[in-house]
Structures are given as C-alpha cells and as structure tokens.
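Peer 1: Let's see this in three dimensions:
(one chain, ligands or ions: 1)
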Amino acid sequence: MADKGTFRILVTGGAGYIGSHAILALKDAGWRPVVIDNLTTGFRWAVPGDVPFVEGDIEDAPLLAKIIADHDIGAIMHFAGSIIVPESVENPLKYYHNNTAKSRALIEAAVTNGVKHFIFSSTAATYGVPEESPVREDTPTLPINPYGRSKLMTEYMLRDTAAAHDLNYCALRYFNVAGADPQGRSGQSTAGATHLIKVAVEAALGKRESVAIFGTDYDTPDGTGVRDYIHVNDLAAAHVKALEALIAAPQVCHTLNCGYGKGFSVLQVLDAVDRVTNQKIVRDVQGRRAGDPDSLISDNAAILERFGWLPQYDDLDLIVRHALAWERKLGDRT
Ligand code: UFG
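Peer 2: The predicted structure is shown next:
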C-alpha cells in the first residue's frame, strides 16, 4: 500500500458536486487530496480549507507538470467536465472539448509526469438506451447523445493508454447520483439544476412552484421513467476503493457500474419527497423529454465483488432527507 503520508491525489473538479464529496471521502480515509478546478461551475467554498487548491485548467500542461511535481501526485481522480445532456446536443463541441480533449490532455500529463493511477467519472449515458435491464458492463455501449459519446471516448483513450504506458485506470459508470454529505459538509449546489431529486427538494422548500413529470407513457410499472439513484457518499466511497484497488494491483484496470441495482420511478421519487417533508409538492405532468430511456438500472455485481464496496445509504428516503437538509443549508447561497 502506498504511503498516505507523502503520496497525494489530484482531484480535478474538486470544487464541484461529486468531486467535493470525493475529497471528504479521501480525507476521511487518510488520503491527502489536492484540487484543481477552473471554477466555471464549482465553488471555492466547497473545498475544505486544509486542502491545497489550484484555480486552473486541466489542459494547462505546464501547470499540471508543476502540481504533479510539487505535491508528489501519485494518482488522479478526474471529475472535471460538463454534465448537462440537452446542452451537449445544442453545443456538442463544448462537450468534445471539455470532456474529451481536456481529458486527453490530462491523461497525457499523467503519462508525461509519471502518475500511474487514474480514476475517471464515466456515466451510464455511455449505454444509451440499453436493450437489457439491469445493465451489465458488457452491455453494448451505444450512447445517444454527445455527452455520452464524449465520456465513452475518454474510456477508449484510457484503455489504449493503459495498454501502451505504465498507468492503470478505473472508469466508474455512474447511475443517478443524488443526496448530500450526511454531516452537511457538502451537497449539490449548482443553480438551475435539472436532476429530479434536486429539483424536487427545491420545490419542497418553495424555491420552485412545481416539479415537471416528463412523460407518463413509458414502458414501466407506473408509466414514468425509472432510474437507479445512488447516494453521493456511497459513490465517493467507491472512488476510494478504486484508488486502493489500482495501487494494490497496478496491472489491472476496471470499468464498473456504480449504482445500487434498484429502480425507482419519477412518481416513487416524488412520493418519497412528500413522505420525508410531510407535504405535497405540486406535480406538473408534461410530455417526454428527448433522449430519456424508459428505465436505467445497474447490475452492480462486479463492483461489489471486486472492491468489496459496501453501500451505506441505499435508501431512497435517506437520500432525499440528505438532499433536503443540504438544500435548506444552502438557502439562497450559490
Ligand atoms: N425527470 C422528471 N422531471 C424533472 C427532472 C427529471 O420527470 O424535473 C425525470 C426524467 O425524465 C428521468 C428521471 O426523472 O426519467 C431522472 O432524470 P434526471 O434528469 O434526474 O437524470 P437522468 O437520468 O436524465 O440523467 C442521469 C445523469 C446523467 C446521465 C444519465 C444517463 O444525471 O449525467 O443519467 O441516462 F447522462
């Protein structure tokens, strides 16, 4: 095992939602993170004061070389990127730049400067509209939007780079990430969010008038879209497991689903929010949103077995409670 005392982890996008939770998980496990973030969507206050922070861009090769040398970076966790699917359709080149070209630059910085381990935020969007559910890692990847393609290309770059150079990687394909740190240290803070649980807790707190239900004619038990919601702290913990696995077995790479393997419909999520808040949010039934699959549920057998990952917050009401607590704490800040 690497010496946690000297070996630091470079966290790109560490001022963002998932990155900031990964920093907390790394620190809680005794690892020492360093953050690089260009603050286009992240918040400086989301990074704890004792974590070295560099405001800058991951495609800045001289800056990366300096950070890696100055902090003895042994591994990179790469969260920085753009994540809004409809925006990727409107502006694909932004996604191929931010997600694909910048990842290429970052991977090159790792290889050039001798960083041997790389953990990548991939997505269930790489599967597109899967033919089978639950989705396994060997289910064909047929992304249906530029966002999914921009991430899948990075998976390919990592695979080819690991085959040619002294670097191993783990690509985690996230399902629907939600919730907030149970200790209230971080949460989803981006304004104008589109993700269901965030939108629903905003409505519950009067920050929105209603929640749209995008489609009631899906091939699901109640007609609304079904997703596999995973608590952000469990996802962050999976990254620490991935890091330790990469260090323990430097010849092995991983591409793994990260979800609970359980689906909840939009109506079930809204019922959970009503249950937790003991009130009824206003529901506004609308037509389907472009590009939404009926159902997206992970088969998570591989990550459970390989990493011994033990989810702690596999409970929809708990996810909602934590999201709500953070939303309250956030108030009007952002
Ligand atoms: N939904 C609503 N109303 C809303 C928001 C969402 O009904 O206001 C529905 C969607 O139609 C979908 C479900 O709630 O059925 C979940 O939608 P989200 O927007 O919360 O999340 P997505 O499943 O669209 O997106 C997530 C990730 C993406 C990733 C995608 C893969 O956030 O990064 O899964 O399908 F690309």
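Peer 1: V34 against V51, yeah?
Peer 2: Yes - shown here, V34 and V51 form a contact pair, counting by C-beta atoms under 8 Å, at 7.0 Å. (Each C-beta comes from the backbone N, C-alpha and C, glycine too.)
Peer 1: The two: which is more packed in?
Peer 2: Ranked by neighbour count (other C-beta atoms under 10 Å), V34 and V51 place V34 first, with 22 against 18.
Peer 1: So which elements touch the helix or strand that one falls within?
Peer 2: In this assignment (DSSP states H and E), V34 forms part of strand 32-37. Contacts defined by 3 or more C-beta pairs under 8 Å, 6 or more residues apart in numbering; DSSP states H and E place strand 32-37 against strand 8-12, helix 17-28, strand 53-55, helix 61-70.
Peer 1: would you turn the ones you listed into JSON lines with mean pLDDT, mean neighbour count and distance to the ligand?
Peer 2: Putting the helices and strands packed on strand 32-37 into JSON lines (pLDDT from 0 to 100; neighbours: other C-beta atoms under 10 Å; distance: least, C-beta to the nearest ligand atom, whole Å) gives the following:
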{"stretch": "strand 8-12", "mean pLDDT": "98", "mean neighbour count": "26", "distance to the ligand": "17"}
{"stretch": "helix 17-28", "mean pLDDT": "98", "mean neighbour count": "24", "distance to the ligand": "10"}
{"stretch": "strand 53-55", "mean pLDDT": "98", "mean neighbour count": "16", "distance to the ligand": "25"}
{"stretch": "helix 61-70", "mean pLDDT": "98", "mean neighbour count": "16", "distance to the ligand": "26"}
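Peer 1: Out of the ones you listed, the one nearest V135 is which?
Peer 2: Proximity to V135 (C-beta to C-beta) singles out helix 17-28 among the helices and strands packed on strand 32-37, at 20.0 Å.
Peer 1: Determine how far the closest one lies from the middle of the whole chain.
Peer 2: 11 Å (C-alpha atoms, centre = their mean, to the nearest Å).
Peer 1: just to revisit the earlier point, the strand holding V34 to strand 8-12, inter-axis angle?
Peer 2: Interaxial angle, strand 32-37 versus strand 8-12 (axes from the mean of the first three to the mean of the last three C-alpha atoms, to 10 degrees): 20 degrees.
Peer 1: Can you give the contact residues for strand 32-37?
Peer 2: 4-5, 7-16, 19, 22-23, 26-27, 47, 51-58, 63-64, 67, 71, 73, 77, 80 (C-beta atoms under 8 Å, 6 or more residues apart in numbering).
Peer 1: Phi, psi for A124 please.
Peer 2: The phi/psi pair for A124 (degrees, to the nearest 10) reads phi -60, psi -20.
Peer 1: Number the chain from 36, please
Peer 2: Got it, first residue is 36 now, which makes that one A159.
Peer 1: Quick check: the gap between Y182 and E362.
Peer 2: Y182 sits 25 Å away from E362, going by C-beta to C-beta, to the nearest Å.
Peer 1: Between the two, point out the one with more neighbours.
Peer 2: In this view Y182 and E362 are compared by other C-beta under 10 Å, and Y182 has more residues nearby, 25 against 21.
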